[in-house]
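Trainee: The following comprises the amino acid sequence and a computationally predicted model.
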Amino acid sequence: MNQKRLAGKETGFTLIELLTVILLSGIIMAAIYSLFISQHMAFSAQEQMGEMHQNLRVSMDQMSREIRLAGYKNSTSAFDGIATAQAATIRVLADLNQDGDTLDDDEDITYSYDANTMQIWRNTAGLPIADHITNLSFTYTLADGTTTSNPASLSSIRKVTISITARTAKPDQRSGLYRTFTLTSDVMPRNLAL
């Protein structure tokens, strides 16, 4: 009896039903793909921002620590803690092992900025300490309270303000522009006034 009923009816989907399902499936897949691409772009941007911030913080921490030690010496040593003070270069001296000179490793340190490679160099040898840097500037506060980027008297320096601006390694995928961030720190070398 069931066979007689089914024999008169056709089973399956009509062409309109199939086209409707294909169209709806395409719309759903396009929405999922769009969401995936959007999330991927956001993740990529955040990853680059994180790398940039880490790059800045590591270089700022290292520079701050070593500049803070400028002028560290024993009572018989005779040298200025800051040997060079310019807008994008600083050279600091410290007698860390108390042997009376600054000839040992990590006692004569120069930080400089190379605009062509966009890198901060420590002693211009080996590897740079920071990449993708668009600006490095030093501002010096003198004993009389004035600030300058090229002090006439190195012995009157009491505070060094470091400002580093970095950019992401790649431009933003949506805008095509690089994201930038500036980090500034005031460093008061403990041994300069001595």
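Mentor: Arrived safely, thanks for sending. Numbers count the residues shown, from 1 in each chain.
Trainee: Near L35, how many residues? Count them for me, please.
Mentor: Neighbours of L35 under the rule other C-beta atoms under 10 Å: 10. Every C-beta, even on glycine, is put in place using the N, C-alpha and C of the backbone.
Trainee: wait, N123
Mentor: N123 has 14 neighbours, counted by other C-beta under 10 Å.
Trainee: Quick check, it in contact with D106.
Mentor: No - checked against C-beta atoms under 8 Å, the pair N123 and D106 is beyond contact range at 9.4 Å.
Trainee: For T89, list the residues it contacts.
Mentor: Shown in contact with T89 (C-beta atoms under 8 Å, 6 or more residues apart in numbering): T110, Y111, S112, Y113, F138.
Trainee: now this protein, which segments are flagged as low pLDDT?
Mentor: Regions of the chain meeting the criterion pLDDT under 70 cover residues 1-10, 75, 193-194.
Trainee: And the helices in it?
Mentor: 2-8, 15-68 (DSSP state H).
Trainee: related to what we said a few turns ago, what's the closest of the contacts of T89 to I28?
Mentor: Closest approach to I28 among the contacts of T89 (C-beta to C-beta): Y113, at 52.0 Å.
Trainee: and the closest one, how far is that from A143?
Mentor: Using C-beta to C-beta, to the nearest Å, Y113 is found at 26 Å from A143.
Trainee: again with S155
Mentor: Per C-beta to C-beta, S155 is found 9 Å from A143.
Trainee: Ok, T102 next?
Mentor: To A143, T102 is 23 Å away according to C-beta to C-beta.
Trainee: Who has more neighbours out of the two?
Mentor: T102 (21 against 13).
Trainee: what's the spacing between that one and R179?
Mentor: Per C-beta to C-beta, T102 is found 39 Å from R179.
Trainee: now do I109
Mentor: In terms of C-beta to C-beta, I109 sits 30 Å off from R179.
Trainee: Between these two, point out the one with more neighbours.
Mentor: I109 (21 against 15).
Trainee: wait, doesn't that one sit right on R65?
Mentor: No - under the criterion of C-beta under 8 Å, I109 is not in contact with R65, lying 10.4 Å apart.
Trainee: tell me the contacts of the residue nearest to A83 when sequence neighbours are not counted?
Mentor: With C-beta to C-beta, 6 or more residues apart in numbering as the criterion, A83 has its nearest non-adjacent residue at 4.4 Å, and that residue is R91. For R91, the contacting residues are I82, A83, T84, A85, D108, I109, T110, Y111, by C-beta under 8 Å, 6+ apart.
Trainee: mind checking how far the last one is from I162?
Mentor: The reference is to Y111. From Y111 to I162 the distance is 9 Å (C-beta to C-beta).
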